[in-house]
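Peer 1: Below are the sequence and a predicted model; questions follow.
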Amino acid sequence: MNQLFKPSNAKIATSLFSFAQSNVYKKGFDRECTSDIEEEAVSYTKQLIEKAFGQADPDALLDLHRTVFQILTANFALHWKKDAINAQLPVFMRIVHLFSEAVDASDRKRLSGDFDALVAAGKDDLSGAIKEHVKQHPHNVHHPVFDFLEHEATFEQLSEFIVQEAPFDMLFGDIVSLMLPGIYDEMKMEILNNYLDEMGEMKVDGVHRTMRVNMMEKIGITAERYENIEGFCVEELALANMYMLAGFNRNKLAELIGMLLATEEVVPGRLRKQVFGWRRVGVPDENMPYLIQHISLDVVHASGWMDNVVLPLISENPNVLPDMIWGVVRRLDAAGTICDVLLERMKKM
Ligand SMILES: [Fe+2]
Ligand SMILES: [Fe+2]
């Protein structure tokens, strides 16, 4: 019996997201959240999962992604800036775990063809197979969204694209940092290198997140917009959630390494086209060092990540090849879905 989530009982919550939003930083919620409330939240999560993945209900999927994004980002919050941080309470951990399993199972059904083919090809020539897969992927730089950004998009449409990509981009450095613990061999140095680049080579103004915030502010996008969970499309939340779910679950470290490889491989071409688009609408280069730097930087990151993380990892631990490939396949798929949706969204503006 659902009490908490019935619209008739709206004073408590009308969606799982509002339950998470009102309680994840609430002082005293650890005592307030009785086992009845916990079970009710878990049971409601299961219903949403059935609707989202069993019946392809878009509202249920959106509610779940907003909820999980809200909970997982609380793991990066600062307790001196919040009343409390409740992300580690059993109720929230259970919601996240149920969702993680469900989304993984759903992706596995959908992407098994790509996955099996790449695992088979990767056993002979891992680096070649992945590069070829990335190059041929319909969602790489030849996706029409990038031509649109380069040649047609207005200032507002380009801004909307930047806003939509914020949830994942802004978390990127923190997610890379989650890969550092527990690794002590040569791989560590490459992860650290990547992380230090993300940290602007240890200059505060050069931290990539800060550069991205500065760019958004210069083009008139305020925090109200880039921090508003309800403003993001479900596909972008899904990408950020996929990365965080892998970052916070040590069973998924190889998957996370594969995701990062795919990211570094696809970013440079995409950003080049965006930069051309921004120049076309009159934005000077000094307002977008964030975009310009990544065009060349991520080429270096991609080859370093392949040679110094992925190849040594798999040669020493061939059993994690499927996990790593799973990360590549999921990341490319997620990026592609975003391209389709954002193109449509911008054209409707
Ligand atoms: Fe970066
Ligand atoms: Fe990078």
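Peer 2: Received the coordinates, thanks. Numbering: from 1, shown residues only. Ligands and ions are numbered 1, 2, ... in the order given.
Peer 1: Can you tell me which residue is spatially central in the protein?
Peer 2: Residue closest to the mean C-alpha point of the chain, counted by C-alpha atoms, centre = their mean, is residue 240 at 2.0 Å.
Peer 1: who are the neighbours in contact with that one?
Peer 2: Shown in contact with residue 240 (C-beta atoms under 8 Å, 6 or more residues apart in numbering): 69, 167-168, 171. The C-beta positions use only the backbone N, C-alpha and C, and glycine is treated the same way.
Peer 1: Within range of ligand 1, give me the residues from the chain.
Peer 2: Residues of the chain lying close to ligand 1 (C-beta under 5 Å from the ion) are 198, 208.
Peer 1: Only alpha carbons, please: show the helix or strand containing the residue nearest to the centre of the chain as PDB.
Peer 2: Secondary structure assignment for residue 240, by DSSP states H and E: helix 234-247. Listed next in PDB are the C-alpha coordinates belonging to helix 234-247 (Å, rounded to 0.1, in the frame of the first residue of the first chain):
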ATOM      1  CA  VAL A 234      16.300  12.300 -19.400                       C
ATOM      2  CA  GLU A 235      19.100  11.100 -21.800                       C
ATOM      3  CA  GLU A 236      21.600  13.500 -20.300                       C
ATOM      4  CA  LEU A 237      20.700  12.500 -16.800                       C
ATOM      5  CA  ALA A 238      21.000   8.900 -17.900                       C
ATOM      6  CA  LEU A 239      24.600   9.600 -19.100                       C
ATOM      7  CA  ALA A 240      25.600  11.200 -15.800                       C
ATOM      8  CA  ASN A 241      23.900   8.500 -13.800                       C
ATOM      9  CA  MET A 242      25.600   5.800 -15.800                       C
ATOM     10  CA  TYR A 243      29.000   7.300 -15.000                       C
ATOM     11  CA  MET A 244      28.200   7.900 -11.300                       C
ATOM     12  CA  LEU A 245      26.800   4.400 -10.900                       C
ATOM     13  CA  ALA A 246      30.000   3.000 -12.300                       C
ATOM     14  CA  GLY A 247      32.100   5.400 -10.200                       C
END
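Peer 1: counting contacts, what elements does the very next helix or strand once past that helix pack onto?
Peer 2: Using DSSP H and E, the helix or strand that follows helix 234-247 in sequence is helix 253-280. Secondary-structure packing of helix 253-280 (3 or more C-beta pairs under 8 Å, 6 or more residues apart in numbering; DSSP states H and E): helix 126-136, helix 144-151, helix 155-164, helix 234-247, helix 289-305, helix 321-347.
Peer 1: Can you check what angle separates the last one from helix 155-164?
Peer 2: Computed with axes from the mean of the first three to the mean of the last three C-alpha atoms, to 10 degrees, the direction of helix 321-347 lies at 150 degrees from that of helix 155-164.
Peer 1: so for helix 321-347, what's the average pLDDT?
Peer 2: For helix 321-347, mean pLDDT rounds to 95.
Peer 1: quick one: that helix to chain centroid distance?
Peer 2: Chain-centre distance of helix 321-347: 10 Å, with C-alpha atoms, centre = their mean, to the nearest Å.
Peer 1: which secondary structure elements does that helix contact?
Peer 2: Other elements packing on helix 321-347 under the criterion 3+ C-beta pairs under 8 Å, 6+ apart are helix 90-122, helix 126-136, helix 144-151, helix 155-164, helix 234-247, helix 253-280, helix 311-316.
Peer 1: would you list those helices in a markdown table and tack on mean pLDDT?
Peer 2: Putting those into a markdown table (pLDDT from 0 to 100) gives the following:
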| stretch | mean pLDDT |
| --- | --- |
| helix 90-122 | 97 |
| helix 126-136 | 93 |
| helix 144-151 | 96 |
| helix 155-164 | 97 |
| helix 234-247 | 98 |
| helix 253-280 | 94 |
| helix 311-316 | 97 |
